[in-house]
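Q: Predicted model and sequence follow; I will ask about them next.
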Amino acid sequence: MILPLLATPIMVAMALTAVGSLALAGLLWRTAWTARGARPLAAFLLVVGFWSVGLLIPNRFGALLLCLAPLGGAVFLHFAVTLGGMGRVLIRWGYAAGLLAMLAAMVGGPGAFIAWPGVAWFFRYQGAGLVAVGVTVALAVLGHALMLRASRVAEAPQRRQIALVLAASVIGLVGTTGLAYPLLGIRAFPWPLVIQPLYSLVLAYALLRYRLMAINQWAVRAVSWALLIGLAALVSALSAGLAARQAGVSFAWIAVALLAGLGLAAPLRRLADRIVYPGGEITPEDMAQWRRVLEPARSDAEVDSLARQALSARLNLTDATIELAQAPPGPRRVAAVIADMAEQAKLDLGRRHALAEQERLAELGALAATIAHDLRNPLNIVAMAVADADAATRSEVKTQIGRMEILVRDLLDYARPWRVTPSVIVLADTLAAWSDTARIACPPDLRLRADPGRLHQALTNLLENARGDGVRVLILAEATTDDVLIHVCDDGPGIPADIRDSLFQPFVSRSPQGTGLGLAIVAKVMTAHGGTVSLTDRPGWTTSFTLRFPGSELPA
């Protein structure tokens with residue numbers, strides 16, 4: 001039975017319709033389930049798939065599958081209402097009519113399989129089956145009427161979707177006219193059914209082209225091949241006509257067809273690209289221009305701003321923040337390319353900044369080593385020179401030398417490359433070292449994976465700042481779903497507004513006695529741990545620094 005089934009174009013077309021419809025239903029189920037109309041469209045394609053299987057099985061089971069037609073009409077009405085947003089009250093009535101017509105056809109019989117010219121078998125609806133067909137047609141007409149009405153008030157993307165659905169319906173209508181041949185007594189091969197596989201394909205594409213850009217890439221290939229096949233068919237027809245009049249000419253035309261196919265493949269691809277991506281053509285000159293536009297950016301925010309300006313200029317938009325989620329494939333394609341170029345520009349910018357930072361730290365390290373070497377001997381000489389001075393002078397000199405030593409130490413530590421060696425620590429035990437100078441609030445079983453020495457260094461720097469400016473100091477540790485947070489708070493004068501944005505840069509200090517490297521070292525410690533330090537707001541405190549370590553707390 002399978003061999004005759006595959007021997008006729010009609011049966012091959014129905015097999016392709018069945019496989020394609022079921023596959024597209026699965027694709028919708030997996031990748032576009034949240035899109036408007038995806039659920040009823042997936043259900044409709046399932047019905048179309050099983051109905052097509054019914055035409056391939058010339059027995060009672062196949063006839064039962066053909067009874068699904070009214071249910072398909074009801075599901076299509078549901079899809080039309082969901083896509084257009086009009087007539088929701090009709091959904092339940094549509095399902096009621098479709099189910100009743102389907103049951104009537106199952107009980108009374110939808111029709112019979114008959115022999116037909118050029119086809120191994122064919123199906124003729126009759127009796128209750130004609131009632132089912134009538135209900136199916138009525139539901140389909142109602143669904144299309146609702147979509148036409150909705151298209152008049154819909155926005156451009158939705159209007160284009162509806163237009164594609166209607167185009168698919170034209171294909172489906174032309175295709176199913178082949179089923180009317182037995183009813184009309186037209187004893188001819190039902191050629192219209194051959195195009196039926198395109199119905200499900202175009203219908204799914206109408207929804208997915210605004211949802212999945214990959215679908216449009218496949219569409220470009222399909223249109224390219226269709227144009228190439230059409231050209232080949234035209235050349236073959238000309239070749240056959242000439243061969244009938246002159247022997248040997250057909251070989252020349254075959255060679256011409258092959259050369260034409262090779263030469264026109266690229267132009268046909270560009271034509272298909274314009275058909276699928278209207279307004280989305282991108283030339284090498286466009287990409288070169290966008291690179292020039294993005295090149296001057298000095299920060300990620302500036303890259304984003306320049307990318308929005310480029311997109312606005314390309315699409316002739318006045319609002320650079322346009323929402324492209326439901327835009328046609330052409331503008332979405334342009335936006336995707338500009339977004340990719342912006343991401344690449346950010347990566348390049350990050351690499352340049354990292355290289356510049358490495359070069360700066362290397363220079364700073366060399367400078368720090370020179371300062372440490374050149375200052376320590378003079379400082380020792382100064383200390384010895386005031387050995388016979390009064391106690392107040394010696395104390396002041398000792399204090400200033402101590403400050404210089406701290407500056408040199410911090411400068412060397414900040415400039416030299418180092419790595420952290422994380423281990424699991426009980427945070428409460430670590431914070432207990434500062435219990436005499438700060439109030440500690442930490443869960444006793446909270447654990448953290450961090451480098452103990454570097455964590456101690458970061459907390460020491462923060463607490464030195466806090467103790468210098470505040471009367472009260474609080475260290476609060478807590479765990480969130482994704483991070484462990486350590487807050488260091490004080491009630492001092494706060495951070496001046498003019499240094500808030502550059503607080504963690506080297507040599508920026510809120511204290512005249514500070515070196516300006518303490519917070520920069522804290523930022524470096526947190527970066528090495530993959531975390532962050534930030535200035536935050538906490539009620540009851542004028543200053544609060546938050547250390548954020550990635551990863552939830554470890555089990556006790």
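A: Thanks, I have the structure now.
Q: Could I get the full set of strands for the protein?
A: Secondary structure of the chain, counting by DSSP state E: strands at 111-116, 119-125, 423-426, 439-441, 447-450, 473-479, 483-490, 532-538, 541-550.
Q: and the shortest one, what other elements does it pack with?
A: Contacts defined by 3 or more C-beta pairs under 8 Å, 6 or more residues apart in numbering; DSSP states H and E place strand 439-441 against strand 473-479. All C-beta spots, glycine's among them, are computed from the backbone N, C-alpha and C.
Q: any idea of the mean pLDDT for the strand it packs on?
A: Strand 473-479 shows an average pLDDT of 91 in the prediction.
Q: domains of this structure?
A: For the chain, automatic domain parsing gives the domain ranges 2-211, 229-276, 367-415, 423-550.
Q: Looking at these, which is nearest to D348?
A: Closest approach to D348 among the domains of the chain is made by domain 423-550 (20.3 Å; C-beta to C-beta).
Q: Now A180: closest residue in space that isn't a chain neighbour?
A: Leaving aside its sequence neighbours, A180 sits nearest to I186 (C-beta to C-beta, 6 or more residues apart in numbering; 7.8 Å).
Q: Please report the confidence value the model assigns to the one you found.
A: The model's pLDDT for I186 equals 84.
Q: Next: V174.
A: Confidence score, pLDDT, at V174: 86.
Q: contacting residues around it?
A: Residues in contact with V174 (C-beta atoms under 8 Å, 6 or more residues apart in numbering) are P192, I195.
Q: With R403 as the reference, measure out to the residue lying closest to S169 once chain neighbours are set aside.
A: Nearest residue to S169, sequence neighbours excluded (C-beta to C-beta, 6+ apart): H144, at 6.1 Å. Distance from H144 to R403, counting by C-beta to C-beta, to the nearest Å: 84 Å.
Q: the more surrounded of these two?
A: Per other C-beta atoms under 10 Å, whichever of H144 and R403 has more neighbours is H144, with 19 against 13.
Q: Was I right to think the more buried one contacts L166?
A: Yes - counting by C-beta atoms under 8 Å, H144 touches L166, with 6.7 Å between them.
Q: Overlap in contacts, those two.
A: With contacts defined as C-beta under 8 Å, 6+ apart, no residue is shared by H144 and L166.
Q: the residue most distant from the middle of this protein, which is it?
A: D388 (74.7 Å; C-alpha atoms, centre = their mean).
Q: Quick check on it: phi, psi?
A: When read as degrees, to the nearest 10, the backbone of D388 gives phi -100, psi 0.
Q: Contact partners for it?
A: Counting by C-beta under 8 Å, 6+ apart, D388 touches no other residue.
Q: how far away is the closest residue to N59 other than its chain neighbours from L55?
A: Nearest residue to N59 in three dimensions, chain neighbours excluded: F113, at 7.8 Å (C-beta to C-beta, 6+ apart). Counting by C-beta to C-beta, the gap from F113 to L55 is 9 Å.
Q: go on, A105?
A: For A105, the distance to L55 - C-beta to C-beta - is 15 Å.
Q: Which one's more surrounded, those two?
A: Neighbours were counted for A105 and for L55 using other C-beta under 10 Å; A105 has more, 28 against 25.
Q: Surely that one touches L71?
A: No - applying C-beta under 8 Å as the test, A105 and L71 come out as separate, 10.1 Å apart.
Q: re the thing from before, so for F113 and L55, which residues contact both of them?
A: Joint contacts of F113 and L55 (C-beta under 8 Å, 6+ apart) are G62, F123.
Q: If I look at the residue nearest to S169, what pLDDT would I see?
A: H144 carries a pLDDT score of 90 in this model.
Q: Then A320?
A: In this prediction, A320 carries a pLDDT score of 44.
Q: nearest spatial neighbour of L455, skipping sequence neighbours?
A: Nearest residue to L455, sequence neighbours excluded (C-beta to C-beta, 6+ apart): T430, at 6.7 Å.
Q: any idea how far the one you found is from A477?
A: T430 sits 9 Å away from A477 when distances are taken as C-beta to C-beta.
Q: How about P9?
A: Plainly put, P9 is 74 Å away from A477 if you go by C-beta to C-beta.
Q: In the protein, what helix or strand scores lowest on average pLDDT?
A: The helix or strand of the chain with the poorest confidence is helix 2-6; it has a mean of 41 (mean pLDDT, DSSP states H and E).
Q: tell me, how many neighbours does the residue nearest to L455 end up with?
A: So T430, with other C-beta under 10 Å, has 18 neighbours.
Q: what's the answer for M341, then?
A: Neighbour count of M341, defined by other C-beta under 10 Å: 18.
Q: quick one: contacts for it?
A: M287, W290, R291, L294, A307.
Q: cutoff 7 Å now
A: W290, R291, L294 (C-beta atoms under 7 Å, 6 or more residues apart in numbering).
Q: Same list as before, those residues that is, but in a markdown table and with pLDDT, neighbour count and distance to M86 included.
A: Shown next, in a markdown table, are the contacts of M341 (pLDDT from 0 to 100; neighbours: other C-beta atoms under 10 Å; distance: C-beta to C-beta, whole Å):
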| residue | pLDDT | neighbour count | distance to M86 |
| --- | --- | --- | --- |
| W290 | 77 | 23 | 41 |
| R291 | 81 | 13 | 46 |
| L294 | 83 | 23 | 44 |
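Q: Only alpha carbons, please: show stretch 172-189 as CSV.
A: Presented in CSV, the C-alpha positions along stretch 172-189 are these (Å, rounded to 0.1, in the frame of the first residue of the first chain):
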residue,chain,number,x,y,z
GLY,A,172,-5.0,26.7,1.4
LEU,A,173,-8.2,27.6,-0.4
VAL,A,174,-6.7,27.0,-3.8
GLY,A,175,-5.2,23.7,-2.6
THR,A,176,-8.4,22.3,-1.1
THR,A,177,-10.4,23.1,-4.3
GLY,A,178,-8.9,19.8,-5.4
LEU,A,179,-11.2,18.0,-2.9
ALA,A,180,-14.2,19.5,-4.6
TYR,A,181,-13.5,17.7,-7.9
PRO,A,182,-15.5,14.5,-6.9
LEU,A,183,-18.4,16.7,-5.7
LEU,A,184,-18.5,18.7,-8.9
GLY,A,185,-18.0,15.6,-11.1
ILE,A,186,-14.7,17.0,-12.6
ARG,A,187,-13.0,13.8,-13.7
ALA,A,188,-9.5,15.3,-13.7
PHE,A,189,-6.3,15.0,-11.8
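Q: which parts of that stretch are buried?
A: Of the residues in stretch 172-189, those buried by neighbour count under the rule 16 or more other C-beta atoms under 10 Å are G172, G175, T176, G178, L179, Y181, P182, F189.
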